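> sharing a sequence plus its predicted fold:
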Amino acid sequence: MSLRIVVAVKYVPDATGDRHFADDLTTDRDAVDGLLSELDEYAVEQALQIAESAEGAEITVLTVGPEDAKDALRKALSMGADKAIHVEDDALHGTDVIGTSLVLAKAIEHAGYDLVVTGMASTDGTAGVVPALLAERLGIPQVTLLSEVAVAGGKVTGRRDGDAASEQLEASLPALVSVTDQSGEARYPSFKGIMAAKKKPVEALDLSDLGIDGAEVGLVGAWSAVQDATARPPRTAGTIVKDEGEGGKQLAAYLAEQKFI
Amino acid sequence: MAEVLVLVDHVDGAVRKPTLELLTLARRIGDPVAVHLGPGAETAAPVLAEHGAVKVLAADAPEFTDYLVVPKVDALQAAAAATSPAAVLVASSAEGKEVAARLALRLGSGIITDATDVTAGDDGPVATQSAFAAAFTTRSRVSRGVPVITVKPNSAPVEPAPAAGTVEPLAVTFGELATGTKVVARTPRQSTGRPELTEAAIVVSGGRGVNGAENFSVIEALADSLGAAVGASRAAVDAGWYPHTNQVGQTGKSVSPQLYIANGISGAIQHRAGMQTSKTIVAVNKDAEAPIFDLVDYGVVGDLFQVVPQLTEEITARKG
């Protein structure tokens, strides 16, 4: 039994940096250094754990993004993924979630899969809808937002912790899984892993390789459009007091003045 | 006027507040038509009517509770086919966003998620969103198909606007994928008796400075004196002091209450992303240099174990 796992990851601007929009209202990818989205590290980790408990498992890590997005693939390969696919095409600039899911779905089909693993959301766009869109496009069960996941006997099981309830889910393979940041800390790449990653294959694809027309993606092909972006005005400096024994009372007086009490 | 579909978020017919907020927004665009899936439509209908629903499309089947997401997509798709809506509004819960996304794809429509406001525009509804940890505000619109928009809680007032709210059955045929992911067990969360974090008017949060699970009673006591929800920073959640469902921040909930009180929270970007759109921000922290003080309307530099109990006591006294 083999188990073909594809992990879809995103290369994002560092969330701790000063992120901006570019003039065309797409994410400015030059102003801030990029990296593998922190939330996707959890996906790579769970894929590795699933692979370790299965026989003949192989992990392909997939990204859609500019040249630098290779860094995200290298990180995942150094953590232990076996090979990578990088979809890069100038026509992709400004692609929305609908277009992104199209390209990812075609690339996942190109790779061949039994299980697709993703993170819960990207740290830049943060919509969190690409996993559901991928399941819809691929026509496979979505087993999403899991804090625990296991694969055995051709089935995926997992725990989804929602606001109202915690749910135990089950689906047959092939299936798509997304994992949250509660699924378990991601491992650090070892020195050996970093060296090995340099020799692992990275397949480069463009849109024509996937049979996608450039007009279906990018800013022109997007089904939604950002009209304007405004920097949030800095908050006006507030009153700061040092507690000299009456801090709680002073704060209560402020809250009363603001009609919260 | 064109109809606007609103997916009802409810527990056995008890309508959750974000749905009533969606009805307020839907009325700006057209005539709200509520889509009620699962048991309790007769209970929900008067509440939905009171807040502007001209019609309630109702469907009940075991699939809605026994399988994840897809049965609701099938039903909303049927509702869209029956109404030719001007837009579809869904609450920005985890499930709501997944349902909305799959629906959008099926309708050949664009999607906007986590809107904080929706207004009518010349070319269809315009949605406001926060981006990059709320450092930016954007306005967007869907340029193809029926706009599908998910809206965050607390984005609009709940307004009474009586309408007919006639209940009509919605015929739903489930596709093959509807039964793909089975919910084999469901454990309801124990109610704390406090408001929902994302819906609360006041949120009281604790962070690293709370220094232990047992000390969160200090935060809870303040929250209870104000009728507030309790939040926690990622540091406090990762340390195991408070449940993840209460985490405020980039990878937890994003809240936008009237008042946010941060206690022992430094204010790293991860946390700010989830709370900096709050109307009034107050912080208690012993470190005068903590970045949270850059955001506050009022801050107290001091030991939270001194300041917070005094504050709770004072609030309780003032409320008499």
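Here it is on my side, so go on. Numbering: from 1, shown residues only, chains lettered A, B, ... in the order given.
> and the contacts of stretch B:306-314?
The set of residues that contact stretch B:306-314 without belonging to it, under C-beta atoms under 8 Å, 6 or more residues apart in numbering or on different chains, is A:243, A:245-249, A:251-252, B:218-219, B:221-222, B:225, B:263, B:284, B:300. For glycine as for every other residue, the C-beta is placed from the backbone atoms N, C-alpha and C.
> show me which of these are buried.
A:243, A:246-249, A:251-252, B:218-219, B:221-222, B:225, B:263, B:284, B:300 (16 or more other C-beta atoms under 10 Å in any protein chain shown).
> among the contacts of stretch B:306-314, which lie within strands?
Helix and strand membership here follows DSSP state E; of the contacts of stretch B:306-314, those in strands are B:263, B:284, B:300.
> anything in the worst-scoring helix or strand of chain B on mean pLDDT near chain A?
Lowest by mean pLDDT, DSSP states H and E among the helices and strands of chain B is helix B:269-275, with a mean of 91. Yes. Under the criterion of C-beta under 8 Å from any C-beta of the partner chain, chain A is reached by helix B:269-275 at B:269-270, B:273.
> out of those residues, who's the most crowded?
Across the residues of helix B:269-275 next to chain A, the neighbour count under other C-beta atoms under 10 Å in any protein chain shown reaches its highest value at residue B:273, namely 23 neighbours.
> and the helices in chain A?
Here chain A has its helices, by DSSP state H, at A:38-52, A:70-79, A:97-111, A:130-138, A:191-197, A:218-221, A:247-257.
> ranking these by mean pLDDT, which is last?
Per-segment confidence across those bottoms out at helix A:218-221, which has a mean of 94 in mean pLDDT.
> would you turn the helices of chain A into a markdown table with distance to residue B:291?
Written out in a markdown table, the entries for those read as follows (distance: least, C-beta to C-beta, whole Å):
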| stretch | distance to residue B:291 |
| --- | --- |
| helix A:38-52 | 19 |
| helix A:70-79 | 28 |
| helix A:97-111 | 31 |
| helix A:130-138 | 31 |
| helix A:191-197 | 33 |
| helix A:218-221 | 35 |
| helix A:247-257 | 19 |
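> most packed of these?
Looking across the helices of chain A with neighbours counted as mean count of other C-beta atoms under 10 Å in any protein chain shown, the highest average goes to helix A:130-138: a mean of 25.
> helices and strands around that helix, which ones?
Under the contact criterion of 3 or more C-beta pairs under 8 Å, 6 or more residues apart in numbering or on different chains; DSSP states H and E, helix A:130-138 touches helix A:97-111, strand A:115-118, strand A:142-152, strand A:175-179, helix B:94-107.
> which residues does the last one contact?
The list of residues contacting helix B:94-107 from outside it, by C-beta under 8 Å, 6+ apart, reads A:97-98, A:101, A:127-129, A:131-133, A:135-137, A:142, A:144-145, A:162-163, A:223, B:7, B:9, B:68-70, B:72-73, B:76-77, B:80, B:88, B:90, B:109-111, B:113-114, B:145-146, B:148-150.
> circling back to that earlier point, quick one: which of the buried ones among the contacts of stretch B:306-314 is nearest residue A:198?
Residue A:198 lies nearest to residue B:263 out of the buried ones among the contacts of stretch B:306-314, by C-beta to C-beta, at 47.2 Å.
> the closest one reaches residue B:204, doesn't it?
Yes. Using C-beta atoms under 8 Å, residue B:263 makes contact with residue B:204 at a distance of 7.1 Å.
> overlap of the contact sets of the two?
Residues touching both residue B:263 and residue B:204 (C-beta under 8 Å, 6+ apart): B:219, B:222.
> rewinding a little: what would the helices and strands packed on helix A:130-138 look like in CSV with distance to residue B:35?
Written out in CSV, the entries for those read as follows (distance: least, C-beta to C-beta, whole Å):
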stretch, distance to residue B:35
helix A:97-111, 22
strand A:115-118, 28
strand A:142-152, 21
strand A:175-179, 25
helix B:94-107, 10
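> out of the ones you listed, which is closest to residue A:208?
Closest to residue A:208 of the helices and strands packed on helix A:130-138, according to C-beta to C-beta: helix A:97-111, at 11.2 Å.
> so is that closest one next to chain B?
Yes. Helix A:97-111 lies in contact with chain B when judged by C-beta under 8 Å from any C-beta; the contacting residues are A:97-98, A:101.
> closest to residue A:179 out of these?
Closest approach between the residues of helix A:97-111 next to chain B and residue A:179, by C-beta to C-beta: residue A:101, at 17.9 Å.
> I figured that closest one hits residue A:134, correct?
Yes. Counting by C-beta under 8 Å, residue A:101 touches residue A:134, with 5.4 Å between them.
> so where does residue B:4 fall, helix or strand?
Secondary structure from DSSP states H and E places residue B:4 in strand B:3-7.
> next, the angle helix B:94-107 makes with that strand.
Orientation of strand B:3-7 against helix B:94-107 (axes from the mean of the first three to the mean of the last three C-alpha atoms, to 10 degrees) gives an angle of 140 degrees.
> how far off centre is whatever helix or strand comes next after strand B:3-7?
Elements were assigned by DSSP H and E; along the chain past strand B:3-7, the next helix or strand is strand B:10-11. The gap between where strand B:10-11 is centred and where its chain is centred comes out at 14 Å by C-alpha atoms, centre = their mean, to the nearest Å.
> hmm, strand B:10-11 in reach of chain A?
Yes. Counting by C-beta under 8 Å from any C-beta, chain A has neighbours in strand B:10-11: residue B:11.
> contact partners of that strand?
With contacts defined as C-beta under 8 Å, 6+ apart, strand B:10-11 is touched by A:164, B:16, B:19, B:36, B:38, B:40, B:44.
> ok, residue A:132 touching residue A:143?
No. Under the criterion of C-beta under 8 Å, residue A:132 lies out of contact with residue A:143, with a separation of 11.0 Å.
> picking up where we left off before, strands - which of the contacts of strand B:10-11 land there?
Those of the contacts of strand B:10-11 lying in strands (DSSP E): residue B:36.
> pick out the one among the contacts of strand B:10-11 with the largest number of neighbours.
Neighbour count (other C-beta under 10 Å) singles out residue B:36 as the most crowded of the contacts of strand B:10-11, with 29 neighbours.
> which residues does it bridge with?
Each beta-bridge partner of residue B:36 is listed here: residue B:58, as defined by DSSP bridges.
> show me what contacts it?
By C-beta under 8 Å, 6+ apart, the contact list for residue B:36 reads B:8, B:10, B:13, B:44-45, B:48, B:56-59.
> now swap in residue A:185 and tell me
For residue A:185, the residues meeting the contact criterion (C-beta under 8 Å, 6+ apart) are residue A:45.
> noted, bye for now.
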